[in-house]
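Undergrad: Could you work out the structure for the sequence below:
(2 chains)
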Amino acid sequence: MSFVTEIDYGTPAAASDKTVTLTIDGAAVTVPEGTSVMRAAREAGIAVPKLCASDMVDAFGSCRLCLVEIEGRNGTPASCTTPAADGMVVSTRTPRLGNLRRGVMELYMSDHPADCPACAMGDCAMAGMAAGVGLAEDRYGENGVNHVAPEVAGGLNPHHLPQDLSNPYFAYDPAQCIVCSLCVRACADVQGTFALTIEGRGFDSRVSAGMHEDFLGSECVSCGACVQACPTGALQEKSVQALGMPESSVVTTCAYCGVGCSFKAEMKGEEVVRMVPYKGGKANRGHSCVKGRFAYGYASHPDRILNPMVRETIDEPWREVSWEEAYAHVAERFRAIQQAHGRGAVGGITSSRCTNEETYLVQKLVRQGFGNNNVDTCARVCHSPTGYGLKTTFGTSAGTQDFDSVEAADVVMVIGANPTDGHPVFASRLKKRLRAGARLIVLDPRRIDLVRTPHVEAAYHLPLKPGTNVAVLTAMAHVIVAEGLQDEAFVRERCDLDEFADWAEFVLAPENSPEAVEAVSGVPAALIRGAARLYATGGNAAVYYGLGVTEHSQGSTTVMAIANLAMATGNIGRPGVGVNPLRGQNNVQGSCDMGSFPHELPGYRHVSDEATRHVFGALWGVTIDDEPGLRIPNMLDAALEGSFKGLYVQGEDILQSDPNTHHVAAGLAAMDCVVVHDLFLNETANYAHVFLPGSTFLEKDGTFTNAERRINRVRKVMEPRNGYADWEVTQELARALGLDWAYTHPSEIMAEIAATTPTFAGVSYPVLEAAGSVQWPCNEAAPTGTPVMHVDGFVRGRGKFVRTAYVATDEKTGPRFPLLLTTGRTLSQYNVGAQTRRTANVVWHEEDLLEIHPHDAEQRGIRDGDWVKLASRAGATTLRATITERVAPGVVYTTFHHPETQANVVTTEFSDWATNCPEYKVTAVQVSPSNGPTGWQEEYEAQARRSRRIAPLEAAE
Amino acid sequence: MQQATTDVMATARTIAERWKGAEGPLLPILNALQAELGHVPRETLPVIAETLNLTRAEVYGVVSFYHDYREHPPGRHVLKLCRAEACQAMGGDAVAERLAARLGAGFHETAADGSVTVEPVYCLGLCACAPSAMLDGRVIGRLDEAAIEEIAAEVQR
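TA: Purely as a prediction, here's the structure:
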C-alpha cells in the first residue's frame, strides 16, 4: 500500500515574475524573488531542520533550528526568515551549525517527555529532528523546572497543565507542546479564526484557546488546521490515539459541500485513521473544515443499512432480501406500473451526493430503460435558477471562476450566502483576502458572521427584507447607469448593445431608484448607492452568491440581475471578478452537468435538440423522448392524481429537504413502488417499498464536480460495507430491466460521457490522474480545462442583458402570519443532517433553533430557550427560540438539519417562475409560545418509528 | 455584586470606545482600564475584543504577556521593588526581605490588611541610585533602613 507524502517547503511560495539565483551547499538554485532560503533549499532537495516553519503559514523564526551560514554575513541567520538573494552563497550543514542545532535541540528535549507517546508512534517531529541533528545526550536531565511532569518533588508541578480533551475530535496535551506557535499562526493565517494565542511570556508561555479556556468552549471552530500544523503530539487527532498511525493513504474528494476539498484518506487496513487536507487540492489548498476533516464517522455508523429490503406496503416491517430478489422485485413492479399506467408513470431522482458516473447512469436508466425523461435532481431545490440564469445571460450554466480567483479580487459582494457556515474553506480563503485589504459588500437579511467578525468588517451590509433581492440589485444597476459608472468599452465589445440600451432604460425608471426600492426592501437608499459605487469602481469586483439568491419566486431573475451588474461593470472574464454560485452539495454541479434535469441531456442540451438526442439514441439503441419529463414537484402532483406510480430515488431525502412536507408525504404515499437507494433509512424511506443500501464516498471510485466546475477524483479507500458501489447497484437494476450494461469501472462511464458531451470531451481518468483535476470545458479547444470562463467573449456569443422587473412574491405577511421566516445552515451540520447528525458534530448543534429579534420575542412573551410554535399556511412545528439581533425585527430564521423539527413542514409550495426552485427563503409565519411538539410532530415520529421496523430473520429449519 | 460587575463592564466599554479609533488602541485601553480600576478584570476582555473586532484570545494573549497588568485588585498602595542586576548587586534582596517582614507581603502578595501589594519590577532606570523602588508611581532611590521605615509608615498610615 502506498502512502502519499507531501513535501513541506517551510515557507509559502513567493509570487514574483523575477527570479534570483543563489548557491546552496554548492548547488545553484533559481527561485522567484521573495522566496526564503529555507524554501529555496527544499526546492533543491535540501531539507534544513525546522520545528516552527510550515509552507501553510508565514515564517516566524522562533525555533532557531533552521540556522544557516551565508558568506559575507555575520552570524547564523534563520533560513525561514531570510529571503534568497542573487549571488548568495549558503551553507546549511557545517560543524558550527551542527553544534548550534544540537544545543538548541538539547534544550527542547530537556522539556519534552522522554516517553512521548506521539514520538513513539511517529507522529511527533521531535524525536526525528533530534536524531537528524545528531543529538546524543541530554546534559540537563529531567529534574529541572519543566512542563512535563505532573508532580515534582514536594508536590504538584505548578508548570504542568492537564490535557484538554473537550473537543470531540482532537486532544491538546500541553506537556508535549514546545510553544512553536504554529497552531496559533495556522488558526490566524489559514483558518482566519484567531481562536488561539500564546499566554504569558518566557518560560511561562503556553498555547491557550480563548482566555485560558478549553478548546470546546473557546472561539475554536474545529477546522483542524492547528492539529495539522503541530510538529509534536501536543495537538493530535483522537482517532490517531485510538487506532495508531495510518499505514496507507489515498487522495480523494470530500463529500460534503460544493467547495470540493481534496483530502488524503489515511488508512489502517479498512479503517480511516484520519482525513488530512491535501495541499495539492486546488479548491482547498491544504485547508479543511470540521465536516470534511473530522465528520466521516457516519460511514461506519451502526444505523447504516447493509442488506436490501422489500415490503408490500409502507405500514409493514421491512423484510431483508437478496440483491437479486430486490432487483427482480423493482423490475417487475416498474414494468407492471408502466403497462398499467403508461411509460411515463415511473421516474428517477439523481443524487448530488453521488459521483458524476453514478448520476449519469441514473439518468441513462430513466431515458434508456424507462423510456421517458422523468428524471430530476436535488439541484431543483437549490441552484436550478443558477443554471437557467447564467445560461441565458452568459451561455453556461455554471460559475465563471476558480476559487484561486478570490485572491485577485478587490471588492467581494456576497449575496444570500453564509460562507463561514456553509462553505467554510472558501470562507477562510475569502477572509484572508479581506484581511489583505479587499472590501466586502454583504446583501443578506441576517447579520451573518462575515458582516463583522474578528479582522473582517463589511464596508456595506444591506439587510434587505427576504424576497427583495431583485429590487435591490436593480436599484444598484440604476445607480451605476445613472452615474455613468458602467464599463462602456466592455459592453460595446462583448455584449448585445440593443439589449444593453433597453436594459439601461429599464433600470433608470423611477421605480428602480434606490429611494423607491428603500420602501420595498427596507434598505436605506444611501447604502444601496454606496454599495453600487464600490462594486462598480473598487477594482476587480467578484460576486459570490448562495441559496439566498436562488430559493425565491424570482430566483432566476436575481441570477440574471447579478449577471447584468457584472457585465455592465466589465467584471467578467479575468481573475478576480466573475459571478460565482457557491454550490451546496459536493456534486450538485456535476449532477446538473450529467443531464439530471427532465429537459436536458448531459451537457445542458435540451431534449428537443434532435442532434443531441441522436447522439445518445444511437449509442443506447433507443429513441429518446423529445418532450421534457416531470420535475420533482410535478411527479408528486401526478402521483396524487394517480398517473405517476413508481420512483427510484438515489441518495436524496426529498421528504426532509423538499418544501411543504405534507405534500411530499402525500405524493409518496400515493405511489405503488418507491425505491430508496441510500446509506440510511432516511425520512423518504418511511414511504418506500424497496430499500437498496448505498455506499459512501470512501467506498467507490468516481468523480465529483465542485462549484468551480472542477472535476476531482473520488478514490475508493475501502470495500463497500454494503457490498456494491452505487453505480454497480444502478447497473444491476438496469440489467434486471433488460438493459445490456456492462461497465466494469467508473472510468468506462466517464469515457462514455466524454464521447457524448462536447464540454467533457477531453476528460478521462488518465488525464485526471496526471493533472489532479480539471475544470470543464475540457476539450480540444481547452485541453487542460478552463479555470476562468468567458475570457475572450461570452460562450453564448454576446452577453445578454435581461430586464429584471421586481415582482413581489405571493407569500405575504399579514395579520395571521406577520413574520418572515428564512432558512439556512450552521457550520457543524450539513443539509438534512443524515451524515453529520451521526457524528460527534452534534456537540456544536444538537437541535434546530429559531432565531428571533428581541423586539418580536418580547411582544410574544418569548424568553431565550423557550419552546415556540412556528406556523405558516402550510403547517406548524415547534422548536426552541434563541433571541438575537442577527435577524432584523420582522424576520425569523432557522436551520433544517433535524427531522424532529422538520422546518419544511412550514415552507410553502411557491417556487421560482422559471425553474420551480422552491421559495425556502421566504415564508410568512407566526411564532407563539408552546409547551412542546405539535400533534403532527408526534404523529410523524410514531409513523417514522413504525416504518423503520425490520422483521427478524426467520430461524433456519 | 451584580451592580459592581455591570459598572466594570460599562467602564471597559467606555474606555474601549474612547480609544478604538486610535492607532494601536489595545495597550492604551488596557492602561486606561488598569488606571481606572487598578486591575484588568478577565471578564472585560471580551468587551474590548468585541469593540476592536479582535478575538478574546488575542486580547488575553496581550494582557497575559505584560506582567504589569493585574488580574485582581491590588491593595491600597502598590510598591514595585526593582529586581534587576544593579539593584541586586547593591543589596536589593536584603531590602526585599526586610520589606516583606515589615509590610506583611512578599512579591506578588497583598498584605492581609489590604494596605499594600508588592510587585517585582525589572529596572526602573535608576541603577545609579540602586537599590530602588516605586511606590504608587513615585520612584525612591538608595533604599536603606530609613527609607524602608518611611515606606512602611506611608502604606500603613
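Undergrad: going forward, measure contacts between C-alpha atoms and count neighbours the same way
TA: Noted.
Undergrad: can you pull out the helices in the stretch 701-850 of chain A?
TA: All helices of the stretch 701-850 of chain A, identified by DSSP state H, counting those that start in this stretch, fall at A:726-736, A:746-756, A:765-771.
Undergrad: In contact with A:Thr877, which residues are there?
TA: Residues near A:Thr877 by CA atoms under 8 Å, 6 or more residues apart in numbering or on different chains: A:869-871, A:901-903, A:905-906, A:933-934, A:936-937.
Undergrad: who wins for neighbours among these?
TA: Counting neighbours by other CA atoms under 10 Å in any protein chain shown, the top entry in the contacts of A:Thr877 is A:Ala903, with 29 neighbours.
Undergrad: quick one: pLDDT of the residue lying closest to that one once chain neighbours are set aside?
TA: If the residues on either side of it in the chain are set aside, A:Ala903 comes closest to A:Phe896, at 5.4 Å by CA to CA, 6 or more residues apart in numbering or on different chains. A:Phe896 carries a pLDDT value of 82.
Undergrad: What backbone torsions are found at A:Phe896?
TA: Per-residue torsions, A:Phe896: phi -130, psi 40 (degrees, to the nearest 10).
Undergrad: my guess is it contacts A:Tyr830, does it?
TA: No. At 9.1 Å, A:Phe896 does not count as touching A:Tyr830 under the criterion of CA atoms under 8 Å.
Undergrad: In three-state terms, label A:Thr252 for me.
TA: Three-state assignment for A:Thr252 (DSSP: H, G, I helix; E, B strand; the rest coil): strand.
Undergrad: From chain B, how far off is A:Gln943?
TA: Relative to chain B, A:Gln943 is positioned 47 Å away (CA to the nearest CA, to the nearest Å).
Undergrad: Which residues are in contact with that residue?
TA: By CA under 8 Å, 6+ apart, the neighbours of A:Gln943 are A:Asn686.
Undergrad: what about the helices in the stretch 401-550 of chain A?
TA: Taking DSSP H, counting those that start in this stretch as the test, the helices found in the stretch 401-550 of chain A are A:419-422, A:424-435, A:469-482, A:488-494, A:497-507, A:514-521, A:525-537, A:547-550.
Undergrad: Can you give me the neighbour number for residue 55?
TA: Just so you know, I chose chain A. Using other CA under 10 Å, A:Asp55 has 17 other residues around it.
Undergrad: sorry, should have said chain B
TA: B:Thr55 has 26 neighbours, counted by other CA under 10 Å.
Undergrad: Name the helix or strand for the closest residue to it other than its chain neighbours, please.
TA: Ranked by CA to CA, 6+ apart and with sequence neighbours excluded, the top spatial neighbour of B:Thr55 is B:Ala49, at 5.4 Å. Using DSSP states H and E, the element containing B:Ala49 is helix B:45-52.
Undergrad: counting contacts, what elements does that helix pack onto?
TA: Helix B:45-52 is packed against helix B:2-19, helix B:56-65, with contacts defined by 3 or more CA pairs under 8 Å, 6 or more residues apart in numbering or on different chains; DSSP states H and E.
Undergrad: right, so the ones you listed: which one is the most enclosed?
TA: Mean neighbour count (mean count of other CA atoms under 10 Å in any protein chain shown) peaks for helix B:56-65 among the helices and strands packed on helix B:45-52, with a mean of 23.
Undergrad: Within the sheet, what are the partner strands of whichever helix or strand comes after that helix, with directions?
TA: Later in the chain than helix B:56-65, the nearest helix or strand by DSSP H and E is strand B:77-82. In the sheet, strand B:77-82 lines up against strand B:116-121 (parallel), strand B:133-135 (antiparallel) (DSSP bridges).
Undergrad: residue contacts, the closest residue to chain B within chain A?
TA: In chain A, the residue that lies nearest chain B is A:Gly210 (4.0 Å; CA to the nearest CA). Going by CA under 8 Å, 6+ apart, A:Gly210 touches A:195-197, A:218-220, B:55-58, B:60.
Undergrad: Taking those residues together, which two end up most distant?
TA: A:Cys220 and B:Tyr60 (14.8 Å; CA to CA).
Undergrad: For A:Thr21, which three-state class applies?
TA: Using three-state DSSP, the structure places A:Thr21 in strand.
Undergrad: Excluding chain neighbours, what is closest to A:Asn284?
TA: A:Cys261 (5.1 Å).
Undergrad: what about the one you found, how many neighbours?
TA: A:Cys261 - counted by other CA under 10 Å - has 30 other residues nearby.
Undergrad: Tell me if I'm right that it and A:Arg293 touch.
TA: No. The pair A:Cys261 and A:Arg293 fails to qualify as a contact (CA under 8 Å) at a distance of 9.7 Å.
Undergrad: Need the overlap of contacts for these two.
TA: Residues touching both A:Cys261 and A:Arg293 (CA under 8 Å, 6+ apart) are A:Pro277.
Undergrad: Now do the same contact list for the closest residue to chain A within chain B.
TA: In chain B, the residue found nearest to chain A is B:Ala57; the distance is 4.0 Å by CA to the nearest CA. Counting by CA under 8 Å, 6+ apart, B:Ala57 makes contact with A:194-197, A:208-211.
Undergrad: could you dump those to JSON lines with pLDDT and secondary structure?
TA: Listed next are the contacts of B:Ala57 as JSON lines, based on pLDDT from 0 to 100; DSSP: H, G, I helix; E, B strand; the rest coil:
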{"residue": "A:Phe194", "pLDDT": "97", "secondary structure": "coil"}
{"residue": "A:Ala195", "pLDDT": "97", "secondary structure": "coil"}
{"residue": "A:Leu196", "pLDDT": "97", "secondary structure": "strand"}
{"residue": "A:Thr197", "pLDDT": "97", "secondary structure": "strand"}
{"residue": "A:Ser208", "pLDDT": "96", "secondary structure": "strand"}
{"residue": "A:Ala209", "pLDDT": "96", "secondary structure": "strand"}
{"residue": "A:Gly210", "pLDDT": "96", "secondary structure": "coil"}
{"residue": "A:Met211", "pLDDT": "96", "secondary structure": "coil"}
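Undergrad: quick revisit: what pLDDT is listed against the residue nearest to B:Thr55?
TA: Note on B:Ala49: pLDDT of 97.
Undergrad: Could you measure from it over to A:Glu325?
TA: For B:Ala49, the distance to A:Glu325 (CA to CA, to the nearest Å) stands at 64 Å.
Undergrad: Comparing those two, which residue is more hemmed in?
TA: Taking other CA under 10 Å, B:Ala49 and A:Glu325 do not tie; B:Ala49 has more neighbours (19 against 14).
Undergrad: What residues does that one make contact with?
TA: Shown in contact with B:Ala49 (CA under 8 Å, 6+ apart): B:55-56, B:58-59.
Undergrad: now do A:Ala666
TA: Going by CA under 8 Å, 6+ apart, A:Ala666 touches A:Leu640.
Undergrad: is it true that A:Ile314 touches A:Phe691?
TA: No. The pair A:Ile314 / A:Phe691 is not scored as a contact, 11.5 Å apart, by CA under 8 Å.
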